[in-house]
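Peer 1: Kindly generate the corresponding structure for this input.
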Amino acid sequence: MKTNFFIEGLSATGAESSSEWHVPLQGATITYAPNKSPDWDFSATSLYGTGTANFVDANAFGNIDISRLDVEFLARKDIKDTTMKAIAGVRYINYDMDDVYTDGSTHSSTGSASKQSSVYLYIGEFGLSGFNNITANGKHRIFWNALGGLGYADADENNRLESAGKNGKESIIWSFDINIGYVYTINKNFGANARYRSFGTPSDLAETDQHETLIIHGPELGLTYHF
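Peer 2: Okay, the predicted model is just below:
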């Protein structure tokens, strides 16, 4: 999975800034469909990745290292007489960033060349998924998912100086996760899929003076094996 991070910041004075990074993720999903309840299935997904990019801040410059862990648990139930499912679940996202000046500059908030930040998102999700057959035998399909969420965000600047003021912020957030893709069934055991996915946590409900909007988007490629 290739993910693009886009973060837009709005300070208390109304000044806007934005940053974007490219972070490849790898992971897996395990899905369980009980024989006694064929209209239900349960899935667990875990993704992790790291990346490095350059940044320019006024007259200074440096590198930023970013890592992301994304864990999601979903329950899905067939909606009778349709090809759709109702979805509910929980999601945890953690991303860590280390801004390091490489030109000899120092961050005013840390007193060093490094500024380390961590963000934790805890989200309850709900929504719908569905598919449409492209061919009569279902070998080729288009699928989609649309989820909304409500949760809690906690952001910390790990090496911030006490003299620099409050460390971190907390907020109530809402989120969206939408995607559309294609599935090819190779045989009764194997399949392949590709989709484009966009996840976002807009800043509208952030209960802080400095708001941020996080958008994570990019293509996903996957292989499936049916036991």
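
Peer 1: Would you map the helices across this protein?
Peer 2: Here the chain has no helices by DSSP state H.

Peer 1: Low-confidence bits of it, can you list those?
Peer 2: 1-20, 57-58, 162-168, 203-212 (pLDDT under 70).

Peer 1: In the protein, which residue sits furthest out from the middle?
Peer 2: A136 (34.2 Å; C-alpha atoms, centre = their mean).

Peer 1: residues touching it, list them.
Peer 2: For A136, the contact set (C-beta atoms under 8 Å, 6 or more residues apart in numbering) is empty. The way it works is simple: take the backbone N, C-alpha and C, and place the C-beta from them, glycine included.

Peer 1: which residues does the closest residue to N63 other than its chain neighbours contact?
Peer 2: Leaving aside its sequence neighbours, N63 sits nearest to V100 (C-beta to C-beta, 6 or more residues apart in numbering; 5.3 Å). For V100, the contact set (C-beta under 8 Å, 6+ apart) comprises G62, N63, I64, D65, A113, S114, K115.

Peer 1: any idea which of these has the most stuff around it?
Peer 2: Ranked by the number of neighbours (other C-beta atoms under 10 Å), the contacts of V100 place K115 first, at 22 neighbours.

Peer 1: who does that residue bridge with?
Peer 2: Listed beta-bridge partners, K115: D99 (assigned using DSSP bridges).

Peer 1: Touching, I79 and A86? I think so.
Peer 2: Yes. Under the criterion of C-beta atoms under 8 Å, I79 lies in contact with A86, with a separation of 5.9 Å.

Peer 1: Overlap of the contact sets of those two?
Peer 2: With C-beta under 8 Å, 6+ apart, I79 and A86 have common neighbours L128.

Peer 1: Kindly export stretch 85-97 (C-alpha atoms) in CSV.
Peer 2: Written as CSV, here are the backbone C-alpha positions of stretch 85-97 (Å, rounded to 0.1, in the frame of the first residue of the first chain):
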residue,chain,number,x,y,z
LYS,A,85,-23.3,-5.2,4.2
ALA,A,86,-23.7,-3.0,7.4
ILE,A,87,-20.4,-2.4,9.1
ALA,A,88,-19.4,-1.5,12.7
GLY,A,89,-16.0,-1.6,14.3
VAL,A,90,-13.1,0.1,16.0
ARG,A,91,-9.8,1.5,14.7
TYR,A,92,-6.5,2.6,16.3
ILE,A,93,-3.9,4.7,14.4
ASN,A,94,-0.6,5.8,15.8
TYR,A,95,1.9,7.9,13.8
ASP,A,96,5.3,9.2,15.1
MET,A,97,7.3,12.0,13.5
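
Peer 1: List of residues touching it?
Peer 2: 5, 64-79, 116-130, 145, 147, 149, 151.

Peer 1: Please identify the buried residues of it?
Peer 2: By 16 or more other C-beta atoms under 10 Å, the buried positions in stretch 85-97 come out as K85, I87, G89, R91, I93, N94, Y95, D96, M97.

Peer 1: same check, this time on stretch 141-153
Peer 2: Judged by neighbour count (16+ other C-beta under 10 Å), stretch 141-153 contains these buried residues: R141, F143, N145, L147, G149, G151, A153.

Peer 1: ditto for stretch 125-144
Peer 2: Under the neighbour-count criterion of 16+ other C-beta under 10 Å, stretch 125-144 has E125, G127, L128, S129, F131, R141, F143 buried.

Peer 1: Most widely separated two among those?
Peer 2: Farthest-apart pair in the buried residues of stretch 125-144 is E125 and R141; separation 22.8 Å (C-beta to C-beta).
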